[in-house]
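J.: structure for this input, please:
(one chain, ligands or ions: 1)
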Amino acid sequence: MTTLTVEAAELAHGAGAPVLSGVTVTARPGELLAVTGTSGAGKTTLLSAMAGLLTPRSGTVTVDGTALGDRDQAVARGVVLIPQENGLAAILTAAENIAVAVIATGGTPADARRRTAESLDALGLSGQANQLIDELSGGQQQRTAIARGLALRGDVLLADEVTSELDAANRQKVIDLLRAEADRGVAVVLATHDPETAAACDREVHLADGVLSFRE
Ligand SMILES: Nc1ncnc2c1ncn2[C@@H]1O[C@H](COP(=O)(O)OP(=O)(O)OP(=O)(O)O)[C@@H](O)[C@H]1O
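T.: Okay, the predicted model is just below:
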């Protein structure tokens with residue numbers, strides 16, 4: 001069980017003006033936390049800090065009380081990111097994208113085969129396993145990225161707008177899968193524009209004008 005905390009953080013890109021100031025938010029094991037806000041409000045920026053991709057200008061990001069460090073350290077601590085633009089390698093198949101990620105994070109080839117098949121099946125993509133990413137629809141690519149995130153079996157799962165291209169049935173399937181992750185003790189953070197997706201979460205942090213407000 002892992003808790004990720006952002007405390008009194010100022011988040012900015014390069015030397016630019018702060019996107020978010022005074023950010024304090026905790027992702028707790030067993031819980032789905034929605035991050036909402038209009039386009040450009042800073043949802044991806046907040047998830048980037050939680051993922052170890054963006055160092056806060058001030059304040060801290062900690063995992064179980066220890067500073068997060070860079071992305072490599074975050075991966076080692078079990079912080080999985082499903083990025084907004086899916087992050088899949090176009091020259092690999094759906095199955096290869098997942099298997100490579102499992103092996104890169106310490107899984108054996110047998111683990112990779114099993115977890116790849118399980119996660120593709122969970123997302124309804126068994127029939128697309130051997131298709132190149134470029135041969136998949138936008139929604140299928142998005143579901144492949146979710147399958148990869150699930151296959152990594154993280155302790156913290158950061159999902160950035162992962163339902164934006166999905167129909168209602170697939171959106172519900174993804175919410176159910178993220179709920180199942182929370183039920184096994186994962187701290188799940190879900191950035192979303194969609195009020196229905198946010199309503200399915202346990203708590204919501206809303207970003208507006210650089211500051212946060214909470215729905216508990
Ligand atoms: N790499 C970057 N370099 C400079 N500025 C950036 C960078 N990434 C984001 N920004 C800026 O930070 C602000 C917040 O962007 P961010 O992507 O976090 O918003 P968002 O809420 O995720 O938006 P969307 O819903 O459109 O994805 C925006 O003003 C954006 O222009």
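
J.: quick check: Gly124 touching Asn170?
T.: Yes - counting by CB atoms under 8 Å, Asn170 is a contact partner of Gly124 at 7.4 Å. Backbone N, C-alpha and C define where each C-beta goes, glycine included.

J.: my read is Gln172 is in a helix, agree?
T.: Yes - counting by DSSP: H, G, I helix; E, B strand; the rest coil, Gln172 is part of a helix.

J.: state the pLDDT value of it.
T.: Among the per-residue scores, Gln172 shows a pLDDT of 94.

J.: repeat for the one 4 residues further on
T.: pLDDT, the model's per-residue confidence, is 97 for Asp176.

J.: so it versus the ligand, what's the distance?
T.: According to CB to the nearest ligand atom, to the nearest Å, Asp176 stands 23 Å off from the ligand.

J.: for whichever strand or helix holds that residue, list every residue counted as buried.
T.: Take DSSP states H and E as the rule and Asp176 turns out to sit in helix 168-183. Neighbour counts using 16 or more other CB atoms under 10 Å place 170-171, 173-175, 177-178, 181-182 of helix 168-183 among the buried residues.

J.: common neighbours of Gly124 and Asn170, please.
T.: Applying CB atoms under 8 Å, 6 or more residues apart in numbering, one finds that Gly124 and Asn170 are jointly contacted by Arg143.

J.: ok, back up a step: and the contacts of the helix holding Asp176?
T.: By CB under 8 Å, 6+ apart, the surrounding residues in contact with helix 168-183 are 30-32, 122-124, 139, 143, 146, 150, 157, 159, 162-163, 166, 188, 190, 194, 196-197, 200, 202.

J.: just the buried ones from these?
T.: With neighbours counted by 16+ other CB under 10 Å, the contacts of helix 168-183 contain buried members at 31-32, 122-123, 143, 146, 150, 157, 159, 162-163, 166, 188, 190, 194, 197, 200.

J.: right, and the helix or strand after the helix holding Asp176?
T.: strand 187-191.
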